[in-house]
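Novice: the sequence and its predicted three-dimensional model are supplied below.
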Amino acid sequence: MVAMIRLSVPGTLRYRPIAVRTVAEAARLVSGSSPRDPKNPTIDPLALDIRHPFDTAVVSAFMEIFNNIAIHAYQRKGGGTIDIEITPSPDEIVIEVKDNGRPFDMGNVVALPDELDEESLPEGGMGIHIAKTMLDEMTYAPGPPNLWRLCKRLPAPQVAVGRS
Amino acid sequence: MAAPFDVQRTGDETKLMVRGSLDINSAPALADEIDKIIATKPAKVTVDLSALDLIDSSGVAALVKLYKGARGGGGAITITGARDQPLAIFKLLRMDKVFNL
């Protein structure tokens, strides 16, 4: 397993694709998932291929946290960095994301309705719910720096044996 | 980068195909197109997500806006083809049943 991966990007949505790709590849190191068809040269090597449930959970959660920081902490204006520290291991991935923007008020997160129908379909406020539900652990500590800690574990039967 | 969607209008039916990643960077352009679609009050809207690889909450919000707008205008809307990560998100949000995915 590779060592810690660190990435620091400006706190704007322009750098989101780079950060998401990095996290996707780190998730793949843990899940062991392979690209759709590595022998097919017509497939864009930079295209994201998120199918494995573990990759899906990690990438989906991270995208929402990056969005949250760019929009709420940095108010879509940038002006600071998003520092990402990824620790992959054989059975889990831990991602710490730091920013120096405005602290996020978790108390303002509204729960989704228990029963969903056409009338109650939400048009916002889903991001934190997605991240929290996809992960095994998610914590947030307001700063500065503000610190998000995301953890996702492989289900026990899927832990690869003998992988270094 | 090309917009990750195509719109085809045939008679009173509008077909929207979304591909690639529908996220906070690409959803605003789709939301503008959705406003145009809703304004025509189409009798039938079909959304094809078979080429959609990735979605975030902003992308979901755009599709919810289309769903509500089409239904609110008296039209029918069908969403098809969701798979992999996008389908997982719809299920997590329990929208798969509302959208009949």
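Specialist: Done, it's in.

Novice: which stretches of the chain form helices?
Specialist: In the absence of a named chain, this looks at chain A. Per DSSP state H, chain A carries helices over the ranges A:16-31, A:53-68, A:127-134.

Novice: please refer instead to chain B.
Specialist: Under the criterion DSSP H, helices of chain B are mapped to B:27-39, B:57-72, B:84-92, B:95-98.

Novice: any idea how far apart the tips of stretch A:84-104 sit?
Specialist: 17 Å (Cα to Cα, to the nearest Å).

Novice: may I see the buried residues of it?
Specialist: When burial is assessed from 16 or more other Cβ atoms under 10 Å in any protein chain shown, stretch A:84-104 yields the following buried residues: A:84-88, A:92-101, A:104. Glycine gets a C-beta too; all of them are placed from N, C-alpha and C.

Novice: can I get the helices of chain A in a markdown table including mean neighbour count?
Specialist: Output for the helices of chain A, formatted as a markdown table (neighbours: other Cβ atoms under 10 Å in any protein chain shown):
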| stretch | mean neighbour count |
| --- | --- |
| helix A:16-31 | 20 |
| helix A:53-68 | 24 |
| helix A:127-134 | 20 |
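
Novice: against B:Gly69, how distant is the residue most central in space within chain B?
Specialist: Residue closest to the mean C-alpha point of chain B, counted by Cα atoms, centre = their mean, is B:Leu63 at 4.0 Å. Applying Cβ to Cβ, to the nearest Å, the value for B:Leu63 to B:Gly69 is 11 Å.

Novice: and for A:Ile71?
Specialist: Using Cβ to Cβ, A:Ile71 is found at 24 Å from B:Gly69.

Novice: try B:Ala31
Specialist: 10 Å.

Novice: and if you look at A:Arg28?
Specialist: To B:Gly69, A:Arg28 is 37 Å away according to Cβ to Cβ.

Novice: for the spatially closest residue to A:Asn67 that is not a sequence neighbour, grab phi and psi.
Specialist: Distance criterion Cβ to Cβ, 6 or more residues apart in numbering or on different chains; nearest residue to A:Asn67, sequence neighbours excluded, is B:Ile24 at 5.0 Å. Note on B:Ile24: backbone dihedrals following degrees, to the nearest 10 are phi -60, psi -20.

Novice: one step back: neighbour count for B:Ala31 and B:Gly69, which is higher?
Specialist: Higher neighbour count among B:Ala31 and B:Gly69: B:Gly69, with 19 against 16, using other Cβ atoms under 10 Å in any protein chain shown.

Novice: report how many residues lie close to the closest residue to that one other than its chain neighbours.
Specialist: Nearest residue to B:Gly69, sequence neighbours excluded (Cβ to Cβ, 6+ apart): B:Ile38, at 3.6 Å. With neighbours defined by other Cβ under 10 Å, the count for B:Ile38 comes to 19.
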